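> Everything below, folded, please.
(2 chains)
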Amino acid sequence: KNEVEQSPQNLTAQEGEFITINCSYSVGISALHWLQQHPGGGIVSLFMLSSGKKKHGRLIATINIQEKHSSLHITASHPRDSAVYICAAMVISNFGNEKLTFGTGTRLTIIP
Amino acid sequence: EAQVTQNPRYLITVTGKKLTVTCSQNMNHEYMSWYRQDPGLGLRQIYYSMNVEVTDKGDVPEGYKVSRKEKRNFPLILESPSPNQTSLYFCASSSGTSGATDTQYFGPGTRLTVL
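This next block holds a predicted model:
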């Protein structure tokens, strides 16, 4: 079982819909990243958060450390939001090392 | 423009022929890392470097080598490539030394096919 799980794996929605992508993790972490990978393959960092909520334009990311869960929301979705969204958790190992562990991604398709 | 560059972007090679994928960043970042991305497995870390001459293994280091002689460059070396190293490779950098608590900047990716 992956230490970082995302759901859903695939999501198709109509333009304008409110989108939620979930990320849960089973180990202790100190921060979580949300990344966006466009159809061309390039990866862009959207958010890095360790508590609470962050907002950038139509994108909102939340994290609940106690529940080991994070969500990425997109309001008023648009076809240009179509991409793969990846969460990555900074996992703290038993030896005190920290490393990024990635979910397998959520493929989002927004239909006009 | 702040960026991470990788070369080549696409490469088809044969088993056993040594190759190097270059990675360079112009942001004076201390932390650099290599990842491979495979369908169904997501991104996995190969090697990382916290500063010049400081490198360490990630989750899947077998078959790869790296070096960090200068801050800006972090090449990935495949001494004897095999077909199971066919993948999409990403280099990334960030300003912190852990690489996981600061924004990561990714290169455009290198698609490698080993025949």
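> C-alpha from now on. contacts and neighbour counts both.
Fine.
> Point out where the chain drops to low pLDDT.
The chain I'm using is chain A. Judged by pLDDT under 70, chain A has its weakly predicted residues at A:1, A:93-98.
> Correction: the question concerned chain B.
B:97-101.
> Please enumerate the strands of it.
Applying DSSP state E to chain B gives strands spanning B:4-7, B:10-13, B:19-25, B:31-38, B:42-51, B:54-57, B:65-66, B:76-78, B:87-94, B:105-106, B:110-114.
> Need the winner for burial among those.
When the strands of chain B are scored by mean count of other C-alpha atoms under 10 Å in any protein chain shown, the highest mean neighbour count falls to strand B:87-94 (a mean of 25).
> So is it next to chain A?
No - taking C-alpha under 8 Å from any C-alpha of the partner chain as the criterion, strand B:87-94 and chain A are apart, separated by no less than 8.8 Å.
> quick check, distance from that strand to the centre of its chain.
Put simply, strand B:87-94 sits 5 Å off its chain's centre (C-alpha atoms, centre = their mean, to the nearest Å).
> Just the residues contacting that strand, thanks.
In this structure, residues lying in contact with strand B:87-94 by C-alpha atoms under 8 Å, 6 or more residues apart in numbering or on different chains are B:4, B:6, B:23, B:25, B:29-38, B:99, B:102-113.
> ditto for stretch A:76-87
Against stretch A:76-87 from outside (C-alpha under 8 Å, 6+ apart): A:4, A:6, A:14-19, A:23, A:32-39, A:58, A:102-112.
> returning to what we had before: just the contacts of strand B:87-94 that are near chain A?
Filtering these for proximity to chain A (criterion: C-alpha under 8 Å from any C-alpha) leaves B:99, B:102-109.
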